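Undergrad: structure for the following, please:
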Amino acid sequence: FIFNPQSKQSSFRTGILKTSHGAIPTPVFAPCATIAAVKTITPQEAKQAGSRLILANSYHLHLRPGEKLIKKFGGLHKFMGWQGPILTDSGGFQVFSLGRNRGLVKIKNDGVEFTSHLDGTKHFLTPEKVIQIQLDLGSDILMPLDVCPSGEASHKEVKQAVERTLEWAQRSRSYFQKHRKRGQLLFAIVQGGTDRELRKYCATQLQEIGGGDCWDGYAVGGLAVGEDK
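TA: Next up, the predicted model:
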């Protein structure tokens, strides 16, 4: 991540994030291609509109059509016809949001057990498996499995979510370091709800896990989950 000199006219910080499929000038707007397609437009039209990064979702792609099939087709870039950088979400938000009101999710120390909203089949995702799914997809930027609590969760529940997120981050990091391909990047996800101290604690602990040079970036997770504005 290379940061440009700060503009004299603005306090905003710009930068360039280098990936194996091209450089991303930041800040950047990333269109959402949840199931490997940006709704209503083609990859060529997304490029013509100035898109430099597309976001896909490993949870949905794991359920349909499956990362193994996508890998067989040469990876997500070839599968969807997009040769620019791709970021894949871990699916943590989708697992918990889809299951929160339906009783389809069970959070365990080792991972998450959930029932598919498509066909009712049972699945179990571990931090390691989520990283492997994204490696099979050929993502440029990977996200670790995290626990995304509701915006209405108690302080105790949010604290538990942070601790489990940190534990899973360590496991995800270890697996990624052993199996990563050249040019692939791993971001950490900071949780903590609307509690300022928990956010600081989570960010600090993630830095310690990374040892100063492991994480290629940090994501702010747990937003737009029911908290007030």
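
Undergrad: let me see the mean pLDDT of whichever strand or helix holds Ile209.
TA: Per DSSP states H and E, Ile209 falls inside helix 196-210. In this model, helix 196-210 carries a mean pLDDT of 95.

Undergrad: give me the helices and strands touching that helix, please.
TA: helix 155-179, strand 185-190 (3 or more Cβ pairs under 8 Å, 6 or more residues apart in numbering; DSSP states H and E). No exception for glycine: its C-beta is placed from N, CA and C like everyone else's.

Undergrad: give me the contacts around the helix or strand just after that helix.
TA: The first helix or strand that comes after helix 196-210 along the chain, using DSSP H and E, is strand 217-220. Contacts to strand 217-220, defined as Cβ atoms under 8 Å, 6 or more residues apart in numbering, come from residues 1, 17, 141, 143, 185, 187-190, 203, 206.

Undergrad: now, among these, which is nearest to Leu63?
TA: Nearest to Leu63 among those: Met143, at 17.0 Å, using Cβ to Cβ.

Undergrad: neighbours around that closest one, how many?
TA: When neighbours are counted by other Cβ atoms under 10 Å, Met143 registers 27.

Undergrad: quick one: contacts for it?
TA: Met143 neighbours (Cβ under 8 Å, 6+ apart): 58, 87-90, 92, 134, 186-187, 189, 219.

Undergrad: closest one of the residues you listed to Ser154?
TA: Using Cβ to Cβ, those come closest to Ser154 at Gly92, 19.5 Å.

Undergrad: correct me, but that closest one touches Gly221?
TA: Yes. Look at Gly92 against Gly221 with Cβ atoms under 8 Å: they come within range, at 7.5 Å.

Undergrad: returning to what we had before: which one of the contacts of Met143 sits in the busiest neighbourhood?
TA: Gln134 leads the contacts of Met143 on contacts (other Cβ under 10 Å) with 31 neighbours.

Undergrad: let me see the contact set for that residue.
TA: Gln134 touches 58, 88, 90, 142-143, counting by Cβ under 8 Å, 6+ apart.

Undergrad: need the per-residue pLDDT for it.
TA: Looking at Gln134, its pLDDT is 98.

Undergrad: which SS class is it?
TA: Secondary structure, DSSP: H, G, I helix; E, B strand; the rest coil: Gln134 is helix.

Undergrad: and the spatially closest residue to it that is not a sequence neighbour, how close does it get to Ser97?
TA: Leaving out its chain neighbours, the residue that sits closest to Gln134 by Cβ to Cβ, 6 or more residues apart in numbering is Leu142, at 4.4 Å. Leu142 is 20 Å from Ser97, where distance means Cβ to Cβ, to the nearest Å.

Undergrad: more crowded one of these two?
TA: Neighbour count, other Cβ under 10 Å: between Leu142 and Ser97, Leu142 has more, with 25 against 16.

Undergrad: tell me the bridge partners for that one.
TA: Thr88, Leu186 (DSSP bridges).

Undergrad: you'd agree it is up against Gly183?
TA: No. Leu142 sits out of contact with Gly183 when judged by Cβ under 8 Å, with a separation of 11.6 Å.

Undergrad: C-terminal to the helix-or-strand element of the chain with minimal mean pLDDT, what's the next element?
TA: Within the chain, no helix or strand scores below helix 92-100, which has a mean of 72 by mean pLDDT, DSSP states H and E. Going down the chain from helix 92-100, the next helix or strand is strand 105-107, by DSSP H and E.
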